[in-house]
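*Asks:* Take a look and give me a structure for this.
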Amino acid sequence: MAGKFELYEDKGGKFRFRLKASNGQIILASQAYTQKSGAQNGIESVKSNAPLDERFDRCDASNNKPMFNLKAANNQVIGTSEQYESVAARDNGIESVKKNAPEAEIKDLC
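*Replies:* This is a model prediction of the structure:
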């Protein structure tokens with residue numbers, strides 16, 4: 001089973017998406033969008049940018065745990081990872097996004 005995007009409306013009425021790996025774990029989450037079309041465009045941007053290693057910003061959260069952001073060509077963040085316990089785990093998360101995002105189906109939960 002391949003990864004999938006879930007498009008959903010949050011409790012505040014904003015639209016978001018998350019990318020789940022084949023094991024069901026969330027590997028990337030979006031910002032909040034005011035319009036559903038914005039979130040849909042965000043998914044397409046993730047699909048096209050995920051294969052490009054230079055679009056991944058490897059960084060640490062404020063608590064020094066490794067994480068990453070996926071950025072578009074304009075340097076805007078289009079997805080953020082969870083916080084990982086190690087750099088190796090973060091790097092595995094990046095590889096999972098690269099593998100799963102381009103062909104992931106989109107499940108509309110709105």
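
*Asks:* going forward, measure contacts between C-alpha atoms and count neighbours the same way
*Replies:* OK.

*Asks:* Show the contacting residues for residue 9.
*Replies:* 15-16, 109-110 (C-alpha atoms under 8 Å, 6 or more residues apart in numbering).

*Asks:* how about a cut-off of 6 Å?
*Replies:* Residues near residue 9 by C-alpha atoms under 6 Å, 6 or more residues apart in numbering: 15, 110.

*Asks:* Show the pLDDT at it.
*Replies:* Predicted confidence (pLDDT) for residue 9: 97.

*Asks:* what do you get for residue 2?
*Replies:* For residue 2, the predicted pLDDT is 77.

*Asks:* Just say helix, strand or coil for it.
*Replies:* Secondary structure for residue 2, judged by DSSP: H, G, I helix; E, B strand; the rest coil, is coil.

*Asks:* Could you double-check that it sits in contact with residue 22?
*Replies:* Yes - using C-alpha atoms under 6 Å, residue 2 is in contact with residue 22, at 5.1 Å.

*Asks:* quick one: residue 22 and residue 4 touch, right?
*Replies:* No - when contacts are counted by C-alpha under 6 Å, residue 22 is not listed as touching residue 4 (7.5 Å).

*Asks:* out of the two, which sits in the more crowded spot?
*Replies:* residue 4 (21 against 14; other C-alpha atoms under 10 Å).

*Asks:* hang on, isn't that one packed against residue 23?
*Replies:* No - using C-alpha under 6 Å, residue 4 is not in contact with residue 23, being 10.3 Å away.
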